[in-house]
Every structure is written in structure tokens, then in C-alpha cells.
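Visitor: I'll drop the sequence and a predicted model, then ask my questions.
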Amino acid sequence: MPREYTGEVIAYDGQNLTINVGQTNIDWQKLLRYNNGQVPKVDLVFDDQERRSLLQNKHMHALIGDIASWQGEDPEEVKLWFKWAFANAFELENIKTSHMTMEQASNFISILITFAVKHGVPLTKYRPLEILALDDIFKYEYQCLMNKRCVLCGANPSDMHHLDTIGANGGNRQKINHLKLRVVQLCREHHQMAGNMGVETFLDQYHLIGIRVNTEIAKIHSLNIK
């Protein structure tokens, strides 16, 4: 099975290319065994504006690594399964993460995030709020609300936390119309922290946006929308 790694080109003399792979843990002996003791050949894919970015690739593998650790499976096997699921969902054939467009990579990452949030996968290698783009943070916050997972630590049980002052919208939480009010999903510890810090300071510190309640969120959380 092909192994994919990401690195940075640091030298090229016209024939020899030197690539720095950082702290990547490459099992060189295993690669040699796969190639009958011969030095393995590699395919080079250079980052451009159409193919998935190196940062997206890093996100994919961090998420896959966390999911694999949670399942007790080989990351390559987990990656293969998600590629198969992605290809089936988008009617693609023989999809390679290295050949994905930036849009495809974004959708692939969304599938991984959705799975992780839904199943409560501990995210240790991947810190969504620290590295996601703004649009992807929105998707992550939304999935946490839909699956009732704390947006900061993934804890369940957790509760929906109002960012807009309830008093300014009628006062009675059971009777007010929640549509379009901003909310996030937080465990009890982070709920208390948000209350102590104040809304804007809390959002800024943890790179949160806040999601406006729609009919789907209202249904999951049994909110009044009349």
C-alpha cells in the first residue's frame, strides 16, 4: 500500500533533490521490506494553487492519526477506508489525497471532522480551532452543536451556551424565539469559563465564531422557534 509523506524541498542540484520531512516518523525498514530490500521509488507531487495544499495534507493526516489511535488501527488502513467512503459519496474513482483539488480536500477534511465529532474521537494531534480556516471553523462548531460535543474539548455531556444575552431577547429562555441567536456547545467547565471571561474575550481567545440557531439546531436542542 502506498505511503504518503509531506516535506519541504531544501536543495536541488539538477539531478538530486533533498527533502526535509521534519519529525515525520518514517519506518524505513518496513519500506525496504515492502520493496524486497530495494530503496523505494517515490512519486513527487509539488504544491500548487489547484491541488490540495500542504497545510490541508497536514490536517488530513493529523485527523486520520487521531481516528486511528482511537480505533486502534493502522493509520493507512483508516485512510484507505475514508478515501473509499469519500470516492463513493462524490462518485469518484481511484482518488488519491495527493491529487485532490483544494475543494475536494476541504470536503474530505469535513468528513473526517464530522466522524470525529460524532463518535467522540479525542483530538490530540489535531487542534481544529488553532489551525482551521474560518469557513472550516464554522463547520466544526456546527458539528459540535449537532452532536452535543464541547467545541473546546469534545466532552459529552455538554450544553448549548448562548452568546447573545437572553434578557435582550425577551428574558424567558423557554418562550423566546431562538432563531438566529448565536450559540456554541460547551461542557460545564468551559461554560463557566465563558461566563467568567465575557463573550467577546472568550470568542477571541479560542478562535470561535458562534453559530446562529437554525431549524436543525433548534430541533436537536428542543428550542422554541416561534
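Guide: Yep, it's here. Numbers count the residues shown, from 1 in each chain.

Visitor: what's the weakest-modelled helix or strand in the protein?
Guide: None of the helices or strands of the chain scores lower by mean pLDDT, DSSP states H and E than helix 128-131, at a mean of 77.

Visitor: what residues does that one touch?
Guide: Contacts with helix 128-131, where a contact means CB atoms under 8 Å, 6 or more residues apart in numbering, come from 55, 59, 113, 136, 137, 140, 151, 152, 206, 207, 208. Just so you know, the C-beta spots here come from the backbone N, C-alpha and C atoms, and that holds for glycine as well.

Visitor: buried subset of these, written for PyMOL?
Guide: To isolate the buried ones among the contacts of helix 128-131 in PyMOL, judged by 16 or more other CB atoms under 10 Å, type:
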select buried, resi 59+113+136+137+140+151+152+206+208
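
Visitor: export the contacts of helix 128-131 to a markdown table and tack on secondary structure, distance to residue 84 and pLDDT?
Guide: Listed next are the contacts of helix 128-131 as a markdown table, based on DSSP: H, G, I helix; E, B strand; the rest coil; distance: CB to CB, whole Å; pLDDT from 0 to 100:
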| residue | secondary structure | distance to residue 84 | pLDDT |
| --- | --- | --- | --- |
| 55 | helix | 24 | 80 |
| 59 | helix | 20 | 85 |
| 113 | helix | 18 | 89 |
| 136 | helix | 23 | 79 |
| 137 | helix | 27 | 86 |
| 140 | helix | 24 | 89 |
| 151 | coil | 29 | 92 |
| 152 | coil | 32 | 89 |
| 206 | coil | 34 | 88 |
| 207 | coil | 32 | 87 |
| 208 | coil | 33 | 91 |
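
Visitor: ok, the spatially most central residue of the chain - contacts?
Guide: The C-alpha lying nearest the average C-alpha coordinate of the chain belongs to residue 113 (CA atoms, centre = their mean; 4.0 Å). Counting by CB under 8 Å, 6+ apart, residue 113 touches 63, 128, 136, 139, 140, 143.

Visitor: sorry, back to before: the least confident helix or strand of the chain: how far from the chain's middle?
Guide: Helix 128-131 has its C-alpha centroid displaced from the chain centroid by 8 Å (CA atoms, centre = their mean, to the nearest Å).

Visitor: now stretch 14-26
Guide: Chain-centre distance of stretch 14-26: 26 Å, with CA atoms, centre = their mean.

Visitor: what is the mean pLDDT for that stretch?
Guide: The average of the pLDDT scores along stretch 14-26 is 83.

Visitor: that stretch spans what distance, first to last residue?
Guide: Start-to-end span of stretch 14-26 (CA to CA, to the nearest Å) is 26 Å.

Visitor: name the residues that touch it?
Guide: 3, 5, 6, 7, 8, 9, 10, 11, 12, 44.

Visitor: residue 135 belongs to a helix?
Guide: Yes. Residue 135 sits within a helix when classified using DSSP: H, G, I helix; E, B strand; the rest coil.

Visitor: and it, how many residues sit next to it?
Guide: Other residues within reach of residue 135, judged by other CB atoms under 10 Å, total 11.

Visitor: which residues does it contact?
Guide: Contacts of residue 135 (CB under 8 Å, 6+ apart): residue 106.
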